[in-house]
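Structure of the sequence below:
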Amino acid sequence: MTFSATSNRPAAPAGVIPDLPGVVVDPPRVAELRTSVAQLLGLPNERFPGAQPVSFLERHIADLEAEDFFVCEKSDGVRCLVYAVVNPRGQPETYLIDRKNNYRFVPNLQFPNPPDRQPPPFHNGTLFDGELVVDQEPDGRSYMTMYCFDLLASSGENLMPRSLMSRLGYLKEHVIRPYQRLVESNPRFAQAQPFRVVAKSMELSYGLNKVLREDIPKLKHKNDGLIFVSVKSPYIPGTTEKMLKWKPAHENSVDFRVNLEYPQGGGLSARPRFVLSAWQGGQNYVQFGELGLTDEEWNHFRQNGIQLENRIVEVTYNPDHCPPAQWQFMRFREDKPHANFITVVERVIQSIREGITQDELMSRCPSIRESWKARPRP
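As a prediction, this is how the structure comes out:
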């Protein structure tokens, strides 16, 4: 298949969260698009409609035994929704929607309808979910790929009430395959694409051994765990127990806001405390802990003019890194408008304390499989 991921700039190195391509949409047009998305999905508000997983706890193993779930690797990239519409002039337009509910117009990215659903030739009122990552080949070449894993609406039809199985069928047959056929048959179109678009590979929940042992080692991008999604559940915007994220202990992380507290009389040259706060909704934050920075790390930020104040940072729990602080810096999260909500932080900490290991998960595969096979099928 001929393909070139051209975005007028080289892709970031693998493992680095990429910047979303496209042109930032001006506020009046964003307001129109947010309204159209809310109306398309029948939502009472215009917030970001994406589903958000909860941290995997020990009690969720019973959920995997009691209910059908799919499992897939958790890509470490930028979560976004893709919105395909046709403008009043009959021209297809595609937008990326980030977690901040901002919209970016992506020129040249178009999604054709399958032949049996034409006219119109292109999708209008189609919204799907995915993760944009940087893939890297063994020879060092890197490019962006959108791994698509759910479909909220197709050609003006709200699919959120349908089961995941149904939504994935629509996604592959009505969105991904027609797009890939156009890429394969039209080299000029392929050359103009900003990134690859593929369907994310999923397994039955008791196939998590395969995901961990076979799929993840072959990935061309960074991975930080597993995602489990209920097969029969509708698509639920916001945080939902029907979507679970499992991370190994060293990858379990929290997003906090960081603020600098300088000692009285010490001046700005003194070393501050790096206070971490969790979000409580609105503009309200509550202090939760302290970021540990070694002298080397602090000097790196200072000497390179990197601001910390009021930024969202992703941190991992590591009390040995720079005691007495318990949290270690991973990266900035410019893609997130707020720190994690306080209840999300508490769940992550509970997940860290329980520490469900990869071996423990794999040891439950036989019972998950037996329960799956024992359930009646329509």
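
ends of stretch 59-70, how far apart?
17 Å (Cα to Cα, to the nearest Å).

Retrieve the pLDDT associated with Phe3.
pLDDT, Phe3: 36.

For Trp372, list the residues it contacts.
For Trp372, the contacting residues are Asp68, Leu204, Ser205, Tyr206, by Cβ atoms under 8 Å, 6 or more residues apart in numbering. Bear in mind the C-beta positions are built from the backbone N, C-alpha and C, glycine included.

hmm, try it at 10 Å
Leu64, Glu65, Glu67, Asp68, Phe69, Leu204, Ser205, Tyr206, Val231 (Cβ atoms under 10 Å, 6 or more residues apart in numbering).

From these, keep the buried residues only.
Neighbour-count burial (16 or more other Cβ atoms under 10 Å) applied to the contacts of Trp372 gives Leu64, Glu65, Glu67, Asp68, Phe69, Ser205, Tyr206, Val231.

The fifth one and Arg271: what is the separation?
According to Cβ to Cβ, to the nearest Å, Phe69 stands 47 Å off from Arg271.

do the second one as well
Going from Glu65 to Arg271 by Cβ to Cβ gives 50 Å.

and if you look at the last one?
Between Val231 and Arg271 the computed distance is 52 Å (Cβ to Cβ).

The protein: helices as residue ranges?
27-41, 60-66, 164-170, 177-185, 187-191, 208-210, 295-303, 342-354, 358-363, 365-374 (DSSP state H).

Can you name the residues that contact Asn101?
Asn101 neighbours (Cβ under 10 Å, 6+ apart): Val30, Leu33, Arg34, Val37, Glu46, Arg47, Phe48, Pro49, Gly50, Leu81, Pro337.

among those residues, which ones are buried?
If we count by 16+ other Cβ under 10 Å, the contacts of Asn101 have these buried: Val30, Leu33, Arg34, Val37, Glu46, Phe48, Pro49, Gly50, Leu81.

out of those, who's nearest His250?
Nearest to His250 among these: Gly50, at 26.3 Å, using Cβ to Cβ.

Which two of the buried ones among the contacts of Asn101 have the greatest separation?
Val30 and Gly50 (16.3 Å).

With mean pLDDT and distance to Glu251 added, can I get the helices of the chain in TSV?
Below are those laid out as TSV (pLDDT from 0 to 100; distance: least, Cβ to Cβ, whole Å):
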stretch	mean pLDDT	distance to Glu251
helix 27-41	97	32
helix 60-66	95	17
helix 164-170	97	25
helix 177-185	96	31
helix 187-191	95	35
helix 208-210	95	16
helix 295-303	92	20
helix 342-354	90	11
helix 358-363	94	11
helix 365-374	95	21
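
Nearest to Gly282, out of those?
helix 342-354 (12.4 Å).

Now do that closest one: which elements does it pack against?
Judged by 3 or more Cβ pairs under 10 Å, 6 or more residues apart in numbering; DSSP states H and E, the packing partners of helix 342-354 are strand 51-55, strand 238-246, strand 253-261, strand 273-279, strand 285-292, strand 311-322.

Turn those strands into TSV, columns for mean pLDDT.
Shown next, in TSV, are the helices and strands packed on helix 342-354 (pLDDT from 0 to 100):
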stretch	mean pLDDT
strand 51-55	94
strand 238-246	95
strand 253-261	95
strand 273-279	96
strand 285-292	95
strand 311-322	92
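
Of those strands, which is nearest Ile216?
Nearest of the helices and strands packed on helix 342-354 (Cβ to Cβ): strand 238-246, 12.2 Å.

quick revisit: export the helices and strands packed on helix 342-354 to TSV and append columns for mean neighbour count and distance to Lys100.
Below are those laid out as TSV (neighbours: other Cβ atoms under 10 Å; distance: least, Cβ to Cβ, whole Å):
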stretch	mean neighbour count	distance to Lys100
strand 51-55	19	14
strand 238-246	17	15
strand 253-261	21	13
strand 273-279	21	13
strand 285-292	18	17
strand 311-322	17	11
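
Serialize those strands to JSON lines and add fields for distance to Ser166.
As requested, the helices and strands packed on helix 342-354 are arranged in JSON lines below (distance: least, Cβ to Cβ, whole Å):
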{"stretch": "strand 51-55", "distance to Ser166": "16"}
{"stretch": "strand 238-246", "distance to Ser166": "15"}
{"stretch": "strand 253-261", "distance to Ser166": "32"}
{"stretch": "strand 273-279", "distance to Ser166": "34"}
{"stretch": "strand 285-292", "distance to Ser166": "40"}
{"stretch": "strand 311-322", "distance to Ser166": "34"}
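
Quick one, which of these gets closest to Gly90.
Nearest of the helices and strands packed on helix 342-354 (Cβ to Cβ): strand 51-55, 32.2 Å.

How far off centre is that closest one?
On the basis of Cα atoms, centre = their mean, to the nearest Å, strand 51-55 sits 10 Å off its chain's mean C-alpha point.

helices or strands next to that strand in the packing?
strand 223-230, strand 238-246, helix 342-354.

For that strand, which strands pair with it and how are they oriented?
strand 238-246 (parallel) (DSSP bridges).

now the angle from the strand it pairs with to helix 342-354?
Taking axes from the mean of the first three to the mean of the last three Cα atoms, to 10 degrees, one finds strand 238-246 and helix 342-354 inclined to each other by 20 degrees.

got the domain boundaries for this protein?
23-248, 252-354 (automatic domain parsing).

Distance check, the spatially most central residue of the chain against Asn113.
In the chain, the C-alpha nearest the mean C-alpha coordinate belongs to Arg79, at 3.1 Å (Cα atoms, centre = their mean). For Arg79, the distance to Asn113 equals 26 Å [Cβ to Cβ].

What residues of stretch 187-197 count as buried?
Those would be Phe189, Ala190, Gln193, Pro194, Phe195, Arg196, Val197, for stretch 187-197 by 16+ other Cβ under 10 Å.
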